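[1] Build the 3D model from these lines:
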Amino acid sequence: MQIALAQLAGREGDIAYNLSRTLACLRDAAPETSLIVFPETHLTGFAEPGHVDDRTLTLDGNELATLITASREHDTALALGFLERDGEQVFNTTVLITPEDGIALRYRKAHLWPDERDLVAPGDRVGCVEWRGLQVGLLICYDLEFPEPARALGQLGCDLLLVTNGNMDPYGPMHARAAQARAQDNHYFVAMTNRAGEGAGLTFAGESSLVAPDGETLFRAGREESVTTLQLDPQRLPDARRDYDYLKDCRIGLQGRREDTERGRYWHF
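    Numbering: from 1, shown residues only. Just a heads-up that it's a prediction; the model follows:
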């Protein structure tokens, strides 16, 4: 499978601009590209004091509908983040949009950075969905620094963890290490796309990466904008799990409960 990491510099609150860059990436992707991963809150920019409601989107809005149509036209899936309005609440959300199912998976960030805790609500579950032979899961930025949600996805059978990231200076090295640890701990690929440039008073660290199921970093970007196409070798999954299997050998149970539905597998915190 060929995937692309779209390390872009977005604009806070400029949804039309951010959407246009997303569509351009879809149009310009190589024909063999199956999936493009974008940064955290890529469509809307971050929540900031005084700028939450004016930056929110809904799952049934025109912007997501446009992306679903484009995904089908180009036969390319995409994972990207935005501020989601659901009734009276706002979430930091990432969706996996596939040509087959439209919004195949939605994930709401569970571990909120201190600056956003008074602005958005935390999510309460992680999930996996089967797509083109792989179980795919989602996490967002700060979530990656905690082993529990990554392990929950591992117990759901995740093969490919997509991380939409908005990691800023000086914390870039922390996410590089965390991506390796989460991949090795759970024997799955980690594809992480971080934001580049500046916004919301932050300087973003870039360094998007692809990590193999044995923890080897296969690719790490620089700090500037880039769109990098990479090949996933599915054989690395059984190779990493051949001699030992952390998920089977672990003796400490995970808190929460598992739910299997027709469309995916979920773990509730």
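[2] secondary structure class for the closest residue to residue 101 other than its chain neighbours?
    Spatial nearest neighbour of residue 101, chain neighbours left out: residue 263 (7.6 Å); criterion: C-beta to C-beta, 6 or more residues apart in numbering. From N, CA and C alone the C-beta is placed, and that goes for glycine too. Of the three states, residue 263 takes coil under DSSP: H, G, I helix; E, B strand; the rest coil.
[3] ranges for the helices of the stretch 151-269 of the chain?
    Ranges of helices within the stretch 151-269 of the chain are 172-186, 236-241, 246-249, based on DSSP state H, counting those that start in this stretch.
[4] Could I get these in JSON lines, plus columns for mean pLDDT and distance to residue 267?
    Shown next, in JSON lines, are the helices of the stretch 151-269 of the chain (pLDDT from 0 to 100; distance: least, C-beta to C-beta, whole Å):
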{"stretch": "helix 172-186", "mean pLDDT": "96", "distance to residue 267": "13"}
{"stretch": "helix 236-241", "mean pLDDT": "94", "distance to residue 267": "20"}
{"stretch": "helix 246-249", "mean pLDDT": "88", "distance to residue 267": "13"}
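[5] Quick check: which of those helices is nearest to residue 35?
    Closest to residue 35 of those is helix 236-241 (C-beta to C-beta; 16.1 Å).
[6] what does the closest one rub up against?
    159, 187, 188, 189, 212, 213, 214 (C-beta atoms under 8 Å, 6 or more residues apart in numbering).
[7] Among those residues, which one has the most neighbours?
    residue 188 (29 neighbours; other C-beta atoms under 10 Å).
[8] these two touch, right, the residue nearest to residue 101 and residue 128?
    No - look at residue 263 against residue 128 with C-beta atoms under 8 Å: they stay out of range, at 10.3 Å.
[9] could you give me the average pLDDT of stretch 117-132?
    Stretch 117-132 shows a mean pLDDT of 97.
[10] quick one: low-confidence parts of the stretch 51-200 of the chain?
    The stretch 51-200 of the chain contains no residues with pLDDT under 70.
[11] now the strands for it?
    Remark: strands assigned in the stretch 51-200 of the chain by DSSP state E, counting those that start in this stretch are 56-57, 77-86, 89-98, 102-108, 125-131, 134-140, 160-164, 189-193, 198-199.
[12] Summarise which helices and strands the first one is packed against.
    To tie it back to what came earlier, the one meant is strand 56-57. strand 77-86 (3 or more C-beta pairs under 8 Å, 6 or more residues apart in numbering; DSSP states H and E).
[13] Only the buried residues of stretch 221-238, if you could.
    For stretch 221-238, burial by neighbour count (16 or more other C-beta atoms under 10 Å) applies to 221, 223, 226, 227, 228, 230, 232, 236, 237.
[14] rewinding a little: among residue 263 and residue 128, which residue is more densely surrounded?
    Shown here are residue 263 and residue 128; by other C-beta under 10 Å, residue 128 has more neighbours (26 against 12).
[15] so what's the more buried one bridging to?
    Residue 128 forms beta bridges with residue 137, residue 265, as assigned by DSSP bridges.
[16] Do I have it right that it meets residue 156?
    Yes - the criterion here is C-beta under 8 Å, and residue 128 meets it with residue 156 at 4.3 Å.
[17] So for the two, which residues contact both of them?
    Once C-beta under 8 Å, 6+ apart is applied, the residues that residue 128 and residue 156 both contact turn out to be 135, 137, 265, 266.
[18] Point out the most buried one among the helices of the stretch 151-269 of the chain.
    The highest average neighbour count among the helices of the stretch 151-269 of the chain, using mean count of other C-beta atoms under 10 Å, belongs to helix 172-186 at a mean of 19.
[19] got the CA coordinates for it in PDB?
    Provided in PDB are the C-alpha atoms of helix 172-186 (Å, rounded to 0.1, in the frame of the first residue of the first chain):
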ATOM      1  CA  GLY A 172       9.300  17.400  18.600                       C
ATOM      2  CA  PRO A 173      11.700  14.800  19.900                       C
ATOM      3  CA  MET A 174       9.100  13.500  22.400                       C
ATOM      4  CA  HIS A 175       6.700  12.500  19.600                       C
ATOM      5  CA  ALA A 176       9.500  11.000  17.600                       C
ATOM      6  CA  ARG A 177      10.300   8.700  20.500                       C
ATOM      7  CA  ALA A 178       6.700   8.100  21.300                       C
ATOM      8  CA  ALA A 179       5.900   7.000  17.800                       C
ATOM      9  CA  GLN A 180       8.700   4.400  17.900                       C
ATOM     10  CA  ALA A 181       7.600   3.100  21.300                       C
ATOM     11  CA  ARG A 182       3.900   2.900  20.400                       C
ATOM     12  CA  ALA A 183       4.800   1.000  17.100                       C
ATOM     13  CA  GLN A 184       7.100  -1.400  18.900                       C
ATOM     14  CA  ASP A 185       4.800  -1.900  21.900                       C
ATOM     15  CA  ASN A 186       1.900  -3.000  19.700                       C
END
